[in-house]
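> Sequence and predicted structure are below.
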Amino acid sequence: MTRYEPAIDLDAIEAIDVHVHIEVDGHGHTSLPPDLVEAASRYFRTDGPRPELEAIATYYRERRMAAVVFTVDAETQLGHPTLDSAAIASQAADHADVLIPFGSVDPHRPDAVDRVRSLAQDHGVRGFKLHPTVQGFDPSDERWYPLYAAIQDAGVPALFHTGQTGIGAGLPGGRGLRLGLSNPMLLDGVAADFPDLDIVMAHPSVPWQDEALAVATHKHRTWIDLSGWGPKYFPEQLVRAANSYLKDRILFGTDFPLLTPDRWLADIGQTALKPERLPAILKDNAVRLLRLG
């Protein structure tokens, strides 16, 4: 497999979407089992296509954007084979002008730490995606500290899902998925014990937005991405933080394909977000986080 090396012309792009899901591979295999795919589509009120990686690269290239792409390895919790993060990184290498691959490792795997090291060293992933609710783990449990240590040693960010999720919504018992595992306050201890690890708290962390802001205010290597919600639904306190004291650690993200950058940009004018903050949110902050500059 080809090792990924970034080749992004920062002058040629206008934004970096830090939250883009690869949900299907070239063989038609999906990242989630069918019942969860259907439930998520109902929750987000979309039955749109789940594009493959090459189509995603074309989509973002047409918009003069780069995209952080990843899957979620939750094979233990969901009983569904994951997509291959190494293959995603190799395919992204063919589109290194617009794609930035993150890896994903199921924390329950006995070789999870080795997988993190291999994905970073051998395949060149530029970060890791973790989803405590879907992967079924409490991120504050020190059992997972070797995983975080490996990510910190690799010098790349860890992007954690926070807040409620559409995955499992409407299914009996939410299909057993536990929302409380994605409370951002569970990441406070991780940030305290791994001071050199950049932690991205994905999404407006409803219903724990104040907790996310408290963590980000106190731990200065934590970030917040604005994915998963139409901007017009952003909590008021999140917009206020993005306009002021957290302006350097707020990131543009969509949750594509369930939310598109076109919709995100069209809706942002319905918020109180100051236009002068947009260049940093759309691109500059991500350039610093991902060490692209």
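All right, it came through fine.

> burial measure for Trp208, as a count.
When counting by other CB atoms under 10 Å, one arrives at 22 neighbours for Trp208. C-beta coordinates here come from the backbone N, C-alpha and C atoms, glycine included.

> That one and Pro184 touch, don't they?
Yes - counting by CB atoms under 8 Å, Trp208 does reach Pro184; the two are 5.6 Å apart.

> Overlap of the contact sets of those two?
Taking CB atoms under 8 Å, 6 or more residues apart in numbering as the criterion, Trp208 and Pro184 both touch Thr162, Gly163.

> ok, now which ones touch Asp153?
Asp153 touches Arg117, counting by CB under 8 Å, 6+ apart.

> moving C-terminal of the helix or strand hosting it, what's the next helix or strand?
Secondary structure assigned from DSSP states H and E places Asp153 in helix 145-154. Per DSSP H and E, the first helix or strand lying C-terminal to helix 145-154 is strand 158-161.

> got the buried residues for the next helix or strand after that following strand?
Per DSSP H and E, the first helix or strand lying C-terminal to strand 158-161 is helix 188-193. Judged by neighbour count using 16 or more other CB atoms under 10 Å, the buried positions of helix 188-193 are Asp188, Gly189, Val190, Ala191.

> Quick check: closest non-adjacent residue to the first one.
Okay, so that is Asp188. Among residues not flanking Asp188 along the chain, Val215 sits closest, at 4.9 Å (CB to CB, 6 or more residues apart in numbering).

> Would you mind measuring from that neighbour to Thr2?
As judged by CB to CB, to the nearest Å, Val215 and Thr2 stand 37 Å apart.

> which parts of the lowest-mean-pLDDT helix or strand in the chain are buried?
Every helix and strand of the chain was ranked by mean pLDDT, DSSP states H and E. The lowest is helix 34-44, at a mean of 75. Neighbour counts over helix 34-44 (16+ other CB under 10 Å) mark Leu36, Ala39, Ala40, Tyr43, Phe44 as buried.

> What does the pLDDT read for the nearest residue to the first one once chain neighbours are set aside?
So the one you mean is Leu36. Sequence neighbours aside, Ile167 is the residue nearest to Leu36 in space, at 5.7 Å (criterion: CB to CB, 6+ apart). Confidence at Ile167, expressed as pLDDT, is 89.

> shouldn't Ile167 be in contact with Gly136?
No - using CB under 8 Å, Ile167 makes no contact with Gly136, being 11.7 Å away.

> Pop out the phi and psi values for Val156.
With angles defined as degrees, to the nearest 10, Val156 sits at phi -130, psi 160.

> which residues does it contact?
Val156 sits next to Ala120, Val125, Arg126, Gly127, Phe128, Asp198 when contact means CB under 8 Å, 6+ apart.

> what helix or strand is the residue nearest to Ser182 when sequence neighbours are not counted on?
Leaving aside its sequence neighbours, Ser182 sits nearest to Thr133 (CB to CB, 6+ apart; 4.7 Å). Element membership for Thr133 (DSSP H and E) is helix 132-135.

> Send me that helix as CSV with only the CA atoms.
Output in CSV follows, covering the C-alpha atoms of helix 132-135 (Å, rounded to 0.1, in the frame of the first residue of the first chain):
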residue,chain,number,x,y,z
PRO,A,132,-17.1,6.3,22.6
THR,A,133,-20.8,5.6,22.1
VAL,A,134,-20.6,3.5,18.9
GLN,A,135,-17.4,1.8,20.0
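
> So Ile56 belongs to a helix, correct?
Yes - assessed with DSSP: H, G, I helix; E, B strand; the rest coil, Ile56 lies in a helix.

> Let's see the pLDDT reported for it.
Ile56 is assigned 97 on the pLDDT scale.

> Renumber starting at 568 from here on
In the new numbering, first residue 568, that becomes Ile623.

> show me what contacts the residue nearest to Leu603?
Leu599, Leu603, Ala606, Ala607, His698, Thr700, Val701, Leu744.

> So the residue nearest to Asp755 sits against Leu753, correct?
No - counting by CB under 8 Å, Val782 stays clear of Leu753, with 9.4 Å between them.

> okay, the two: which has more neighbours?
Shown here are Val782 and Leu753; by other CB under 10 Å, Val782 has more neighbours (25 against 20).

> burial measure for the nearest residue to Ile766 once chain neighbours are set aside, as a count.
Once flanking residues are discounted, Ile766 sits nearest to Thr789: 4.8 Å by CB to CB, 6+ apart. Other residues near Thr789 come to 24 when the count uses other CB under 10 Å.

> quick one, what contacts Thr789?
Counting by CB under 8 Å, 6+ apart, Thr789 makes contact with Leu754, Ala758, Asp765, Ile766, Val767, Met768, Val782, Ala783, Arg816.
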